[in-house]
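Asker: What follows is a protein structure lacking sequence information:
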């Protein structure tokens with residue numbers, strides 16, 4: 001038991017002892033007083049009656065205090081149990097992110113997203129973990145072979161989790177520079193202030209994606225589907241837009257000439 005808790009129990013015991021002494025010794029006689037017309041026997045009976053009433057009231061108060069203390073301890077235990085479960089889930093998911101099996105890594109992504117919903121204190125950590133996971137699992141390497149399929153399922157799951165935004169704190173940016181998301185299905189993607197600088201999104205489906213304020217400097221968007229995408233305020237300096245699909249619903253940055 002901690003010294004602070006011991007001190008608290010000592011103070012509580014001293015207070016209870018003082019109240020009992022007050023109710024038994026001092027308060028009854030003071031409350032009854034010294035009325036001149038009151039016989040000694042009647043006065044003694046009145047003092048005892050007052051003493052009994054005070055002790056009953058004190059007992060009721062102590063019982064209520066005990067109930068309140070029990071509820072407080074129970075609530076504290078529930079909080080500690082929840083914190084313990086959050087820590088266990090977080091550490092287990094971190095271990096599973098490095099597993100060799102793809103489904104295990106994908107399950108870890110879903111577990112982290114669930115934890116972000118259950119315990120907001122972990123949101124920033126989970127956001128950083130998932131962005132780092134995507135960058136490490138799908139780095140863009142110019143010498144990489146062409147492919148027709150999108151990224152691996154675990155990477156797609158992490159991108160989708162970020163897109164749902166449950167772990168992204170207000171004003172936080174998502175650093176996804178130089179990632180390989182070729183032919184990824186990113187329809188409806190909405191990651192605030194995402195940075196895809198130097199990334200390869202060739203052939204990606206970005207229909208109705210919210211890319212407002214995105215950093216797309218040097219990003220390869222060749223043959224990407226940008227119909228309905230919102231690129232308001234995005235930085236497209238040096239981006240490769242050859243062969244993109246866009247229409248009248250595509251919103252471009254102010255002053256940016258839409259490619260033909």
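Answerer: In hand now; what should we look at? All values derive from a computational prediction rather than experimental measurement.
Asker: quick one, strands of this structure?
Answerer: Using DSSP state E, the strands of the chain run over residues 174-175, 194-195.
Asker: Out of those, which one sits most buried?
Answerer: Ranked by mean neighbour count, the strands of the chain are led by strand 194-195 with a mean of 24 (mean count of other C-beta atoms under 10 Å). Yep, even glycine has a C-beta here, placed from its N, CA and C like the rest.
Asker: what comes into contact with it?
Answerer: Around strand 194-195, the neighbours that count as contacts under C-beta atoms under 8 Å, 6 or more residues apart in numbering are 173, 174, 175, 176, 177, 211, 214, 215.
Asker: what sits against residue 255?
Answerer: By C-beta under 8 Å, 6+ apart, residue 255 has no neighbours at all.
Asker: where's it relative to residue 232, distance?
Answerer: Using C-beta to C-beta, to the nearest Å, residue 255 is found at 12 Å from residue 232.
Asker: how close does the residue nearest to residue 167 when sequence neighbours are not counted get to residue 164?
Answerer: Leaving aside its chain neighbours, residue 167 sits nearest to residue 116 (3.7 Å; criterion: C-beta to C-beta, 6 or more residues apart in numbering). Look at residue 116 and residue 164: by C-beta to C-beta, they are 10 Å apart.
Asker: One more: residue 141?
Answerer: As defined by C-beta to C-beta, residue 141 lies at a distance of 28 Å from residue 164.
Asker: Settle it for me: which of the two has more neighbours?
Answerer: Between residue 141 and residue 164, counted using other C-beta atoms under 10 Å, the more crowded position is residue 164 (13 against 10).
Asker: my read: that one touches residue 113, true?
Answerer: Yes: Residue 164 lies in contact with residue 113 (C-beta atoms under 8 Å); the separation is 7.2 Å.
Asker: And the spatially closest residue to residue 198 that is not a sequence neighbour, what's its pLDDT?
Answerer: Excluding its sequence neighbours, the residue lying closest to residue 198 (C-beta to C-beta, 6+ apart) is residue 178, at 4.3 Å. Listed pLDDT for residue 178 reads 97.
Asker: Let me know whether residue 178 touches residue 134 as I believe.
Answerer: No: using C-beta under 8 Å as the test, residue 178 is too far from residue 134 to be in contact (10.8 Å).
Asker: higher neighbour count, those two?
Answerer: Remark: of residue 178 and residue 134, residue 134 carries more neighbours, 26 against 17, as counted by other C-beta under 10 Å.
Asker: per-residue confidence for the closest residue to that one other than its chain neighbours?
Answerer: Among residues not flanking residue 134 along the chain, residue 158 sits closest, at 5.1 Å (C-beta to C-beta, 6+ apart). On the pLDDT scale, residue 158 is placed at 96.
Asker: Which residues are in contact with residue 158?
Answerer: Counting by C-beta under 8 Å, 6+ apart, residue 158 makes contact with 109, 130, 133, 134, 137.
Asker: any idea how far residue 220 is from it?
Answerer: Distance from residue 158 to residue 220, by C-beta to C-beta: 20 Å.
Asker: ok, now residue 189?
Answerer: As judged by C-beta to C-beta, residue 189 and residue 220 stand 16 Å apart.
Asker: Please apply the same query to residue 208.
Answerer: 21 Å.
Asker: Kindly report the same for residue 109.
Answerer: Taking C-beta to C-beta as the measure, residue 109 and residue 220 are separated by 25 Å.
Asker: Which one's more surrounded, those two?
Answerer: Set side by side, residue 109 and residue 220 show more neighbours around residue 109, with 27 against 24, by other C-beta under 10 Å.
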